[in-house]
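1. No letters, just coordinates:
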């Protein structure tokens, strides 16, 4: 079972890895749904990030390795509860929040290449709208 991923977001391709040691259940739940295809939009309250809003969808996991301050290139999964389920990718400074206030999500994937392209992805989502995203095994 490889921890390596290829993520295509908008016109950009990134190498990434699962954070399996810190978030094993979240990684397993997400991996079982791969290849995972969706769209990212710019965040509303959290700062410099893009997110995949998932409504009441459940990955069947709880918090592991959770943070409110993901670093650029870190994906977090919010399992739902106070706000809707979502996946967020930080491209700059993020304080993860929703209309109900500060939240925490499980850091489960880290981008390992082309980090300099993340702000461009953020600008595209902000000014041009939703961008396609695909997670697959490397």
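-> Structure's in. What do you need? These numbers come from a predicted model, not from an experiment. Numbering: from 1, shown residues only.
2. okay, CA-based contacts and neighbour counts for the rest of this
-> Will do.
3. Check the secondary structure at residue 77 for me.
-> strand (DSSP: H, G, I helix; E, B strand; the rest coil).
4. And for residue 123?
-> helix.
5. residue boundaries of the strands in this structure?
-> Here the chain has its strands, by DSSP state E, at 4-9, 12-18, 36-42, 47-53, 66-67, 74-78, 86-94, 97-98, 101-102, 105-111, 131-137.
6. a markdown table for the ones you listed, including distance to residue 27 and mean pLDDT?
-> Rendered in a markdown table, the data for those read as follows (distance: least, Cα to Cα, whole Å; pLDDT from 0 to 100):
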| stretch | distance to residue 27 | mean pLDDT |
| --- | --- | --- |
| strand 4-9 | 12 | 98 |
| strand 12-18 | 6 | 98 |
| strand 36-42 | 13 | 98 |
| strand 47-53 | 16 | 97 |
| strand 66-67 | 13 | 96 |
| strand 74-78 | 10 | 98 |
| strand 86-94 | 12 | 98 |
| strand 97-98 | 22 | 93 |
| strand 101-102 | 23 | 94 |
| strand 105-111 | 6 | 98 |
| strand 131-137 | 12 | 98 |
